[in-house]
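Asker: Following is a predicted model, sequence given first.
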Amino acid sequence: ETLPMVHLDKGLLERSVANVVENAVKYSPPGIPVLVSASAIADRVELRIVDRGPGVPDEAKERVFEPFQRYGDAPRGAGVGLGLAVARGFAEAMDGTLHAEDTPGGGLTMVLSLPRAKGDPDKS
């Protein structure tokens, strides 16, 4: 309720977030929940999806967004490696960004950043 409005496509946002959360759940240790949080930063709204899985080395952080990539030893049947590529493409279609960063203490955090709707008053 306290976040600023964003102008986006609900379907693209839903699919993008679902792909990122599905990926985080897949790589999180059993019984460790994935954290999803949102905050306003300057003229953007950021959604953070945090897992406590094995993480990804810095040199591979961009590669996980390439089509048909599966990091590490993903088991057979774990997908074809399109989820994060699709999620980033949808984020960019909404004038947003999606990138990966380390989770403090271990794991990976995906940051989906979307522009604040023009004319939306500051609610912070």
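Answerer: Received, thanks. Residues are numbered from 1 along each chain as shown.

Asker: dump the residue contacts of the residue nearest the centre of the chain.
Answerer: The centroid of the chain falls nearest to Met110 when counting by CA atoms, centre = their mean (3.8 Å). Applying CB atoms under 8 Å, 6 or more residues apart in numbering, we find Met110 in contact with Val20, Asn23, Ala24, Arg48, Ile49, Leu84, Leu98, His99, Ala100. C-betas here are computed from N, CA, C, even on glycine.

Asker: Partner strands of the helix or strand where the fourth one lies and their direction?
Answerer: With elements taken from DSSP states H and E, the one containing Arg48 is strand 44-50. Strand 44-50 sits in its sheet next to strand 35-41 (antiparallel), strand 108-115 (antiparallel), going by DSSP bridges.

Asker: For it, list every residue counted as buried.
Answerer: Residues of strand 44-50 classed as buried: Val45, Glu46, Leu47, Arg48, Ile49, Val50 (neighbour count, 16 or more other CB atoms under 10 Å).

Asker: And for stretch 32-43?
Answerer: If you call a residue buried by 16+ other CB under 10 Å, then stretch 32-43 has these buried ones: Val34, Ala40.

Asker: So Tyr27 sits against Ile49, correct?
Answerer: No - contact criterion CB atoms under 8 Å: Tyr27 and Ile49 do not qualify, at 11.2 Å.

Asker: contacting residues for the spatially closest residue to Ala38 that is not a sequence neighbour?
Answerer: Here the nearest residue to Ala38 in space, its sequence neighbours aside, is Leu47; by CB to CB, 6 or more residues apart in numbering that works out to 5.0 Å. Shown in contact with Leu47 (CB under 8 Å, 6+ apart): Val17, Val36, Ser37, Ala38, Val111, Leu112, Ser113, Leu114.
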